[in-house]
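[1] got a sequence here, can you build the structure:
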Amino acid sequence: MRKDLKLSFVFLVMMTLVFTACNSSGKEDKKPIAAKPIQPPSKSDGFIVTPKLLSQKIEVPGSLLPFEETEIRPEVSGRVTGIYFTEGSQISQGGMIVKLYDGDLQAQLQKLQVQLKVAEQTAERYAALLKINGVSQQEYDLNVLAVNNIKADINIIKTSISKTSVRAPFSGKMGLRNISVGAYISPQTTISTLRQVNQLKLEFTVPEKYGSGMKNGNLVNFTLENNKTTYSAKVIATENNITEDSRSLKVKAVVSKPDAQLIAGAFAKVLIPLGKNDSALMVPTQAVIPQARNKQVIAIKNGLAAMVTITTGTRDSAMVEITSGLKSGDTVLITGLLTTKPGSKVQLNKLIKN
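    As a prediction, this is how the structure comes out:
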């Protein structure tokens, strides 16, 4: 009997301990979960996209060049006997620049002229004898051939003599002189440089996508360093292929009006008009977020931030044209771009209109 009472007491104690443990475990499970704090809306400045007139143009570097330019070199080697130009002076086409020694050639010419006179007299006598059958036709023909050979030799000598006179191939301005009288020069020697500077050319390159707009007769404007005057030039030619390394097209234009301020070799800033767009959508440059494969802006839709993929066009120092992705009336963020997440609420501090 006592043994049964002891077993009952032990069982009762064990059940009490189990009930107490379950009770405490249940209380722990019922502890309230802390609520997440509500994020306040981000504060940013917005920009309303509205159409505006856009005068499209690009600025590229260019160089002024002489209309014609060449290095003056002799065709033959020889000793300089006379220099007939002044450095920096104007010279007309065909004007004498340098004379080389031609005494030996003149002597050969005189010798051939004497031989020609004798050969012609002999040919005349043979012609008279041929009429009375005093000589054969073959003998007469050989004398005529000798006359023609001497005449050909004389032409060769005269051509060689003409090469000893270096003349201007076109009218222009002479550069600095690199030789002196008495110097022995060869076709590799540069005597001076001749430039036609009364008319200048403008040379520049444009990016590949604008190459199709460079038509002959188009006008472009350009300015010089430390010169506020705007000059104009007319396109006369373009290269027939795109440069592979820079993906650009070389263009040449003729300066419309000569000006003493324009000097060959000067650096020029070329302004190329690309037309006008009456309904261009422009946004501030800082609104555009560059991505690996595209560009995006943060637009406000129903008070929430949304990432919108866009395509850009012409840009300047402050604004960029949006060609797709936005429409007139859309609002994009221009500040707080790093702290604003897609889908979050946005409170606009300031709303800017175009």
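[2] next helix or strand past the helix or strand harbouring residue 52?
    Using DSSP states H and E, residue 52 maps to strand 51-72. Using DSSP H and E, the helix or strand that follows strand 51-72 in sequence is strand 78-83.
[3] okay, now the sheet partners of that next one, with direction.
    Based on DSSP bridges, the strands next to strand 78-83 in the sheet, each with its direction, are strand 96-100 (antiparallel), strand 184-185 (antiparallel).
[4] can you give me how far the first one is from the chain middle?
    To tie it back to what came earlier, the one meant is strand 96-100. Averaging C-alpha positions (C-alpha atoms, centre = their mean, to the nearest Å) puts strand 96-100 39 Å from its chain's average.
[5] list the contacts of that strand.
    Strand 96-100 is contacted from outside by 72, 74, 76, 78-85, 91, 164-168, 174, 179, 185, 191-192, using C-beta atoms under 8 Å, 6 or more residues apart in numbering. From N, CA and C alone the C-beta is placed, and that goes for glycine too.
[6] please apply the same query to the shortest one.
    With C-beta under 8 Å, 6+ apart as the contact definition, strand 184-185 has outside contacts at 74, 77, 78, 79, 80, 100, 179, 191.
[7] about what we covered before: for the strand holding residue 52, output the C-alpha coordinates as CSV.
    Backbone C-alpha positions of strand 51-72 (Å, rounded to 0.1, in the frame of the first residue of the first chain) are rendered in CSV as follows:
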residue,chain,number,x,y,z
PRO,A,51,9.1,70.5,-75.4
LYS,A,52,11.4,73.3,-76.4
LEU,A,53,13.1,74.6,-79.5
LEU,A,54,16.5,73.0,-80.0
SER,A,55,19.0,74.3,-82.5
GLN,A,56,21.3,71.4,-83.0
LYS,A,57,25.0,71.9,-83.6
ILE,A,58,28.3,70.3,-82.8
GLU,A,59,31.7,71.8,-82.1
VAL,A,60,34.8,70.1,-83.5
PRO,A,61,38.4,71.1,-83.8
GLY,A,62,39.8,72.2,-87.1
SER,A,63,42.9,73.7,-88.8
LEU,A,64,43.4,76.5,-91.4
LEU,A,65,45.4,75.4,-94.4
PRO,A,66,46.8,77.3,-97.4
PHE,A,67,44.6,76.7,-100.5
GLU,A,68,47.7,75.4,-102.3
GLU,A,69,51.1,74.4,-100.7
THR,A,70,54.2,72.7,-102.0
GLU,A,71,57.9,72.3,-101.2
ILE,A,72,60.1,73.7,-103.9
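[8] how far off strand 96-100 does it point, in degrees?
    Using axes from the mean of the first three to the mean of the last three C-alpha atoms, to 10 degrees, the inter-axis angle of strand 51-72 relative to strand 96-100 is 30 degrees.
[9] partner strands of strand 51-72, parallel or antiparallel?
    In the sheet containing strand 51-72, the strands it pairs with under DSSP bridges are strand 192-207 (antiparallel), strand 267-284 (antiparallel).
[10] picking that back up, buried subset of the contacts of strand 184-185?
    Neighbour-count burial (16 or more other C-beta atoms under 10 Å) applied to the contacts of strand 184-185 gives 74, 78, 80, 100, 179, 191.
[11] helix, strand, or coil at residue 45?
    Under the three-state scheme (DSSP: H, G, I helix; E, B strand; the rest coil), residue 45 adopts strand.
[12] against residue 335, how distant is it?
    Relative to residue 335, residue 45 is positioned 4 Å away (criterion: C-beta to C-beta, to the nearest Å).
[13] so for these two, which residue has more residues nearby?
    residue 335 (19 against 16; other C-beta atoms under 10 Å).
[14] phi, psi of that one?
    Reported as degrees, to the nearest 10, the phi and psi values for residue 335 are phi -140, psi 160.
[15] now do the same contact list for residue 49.
    By C-beta under 8 Å, 6+ apart, the neighbours of residue 49 are 281, 282, 283, 322, 326, 327, 328, 329, 330, 331, 332, 354.
[16] buried subset of those residues as a PyMOL selection?
    Of these, the buried ones can be selected in PyMOL as follows, counting by 16+ other C-beta under 10 Å:
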select buried, resi 281+282+283+322+326+330+331+332
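[17] what about the stretch 251-354 of the chain, any weak spots by pLDDT?
    275, 354 (pLDDT under 70).
[18] that one: strands as residue ranges?
    According to DSSP state E, counting those that start in this stretch, the stretch 251-354 of the chain carries its strands in the segments 267-284, 289-290, 295-301, 304-315, 319-324, 331-333, 346-353.
[19] alpha carbons of the third one, in PDB - could you do that?
    Translated: strand 295-301. The C-alpha coordinates for strand 295-301 follow below in PDB (Å, rounded to 0.1, in the frame of the first residue of the first chain):
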ATOM      1  CA  LYS A 295      20.800  55.000 -69.700                       C
ATOM      2  CA  GLN A 296      18.000  55.600 -67.200                       C
ATOM      3  CA  VAL A 297      16.200  58.300 -65.300                       C
ATOM      4  CA  ILE A 298      14.000  58.200 -62.100                       C
ATOM      5  CA  ALA A 299      10.500  59.300 -63.100                       C
ATOM      6  CA  ILE A 300       7.600  60.000 -60.600                       C
ATOM      7  CA  LYS A 301       4.500  57.900 -61.300                       C
END
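[20] returning to that earlier point: closest to residue 311 out of the contacts of strand 184-185?
    Proximity of the contacts of strand 184-185 to residue 311 (C-beta to C-beta) peaks at residue 191, which lies at 57.5 Å.
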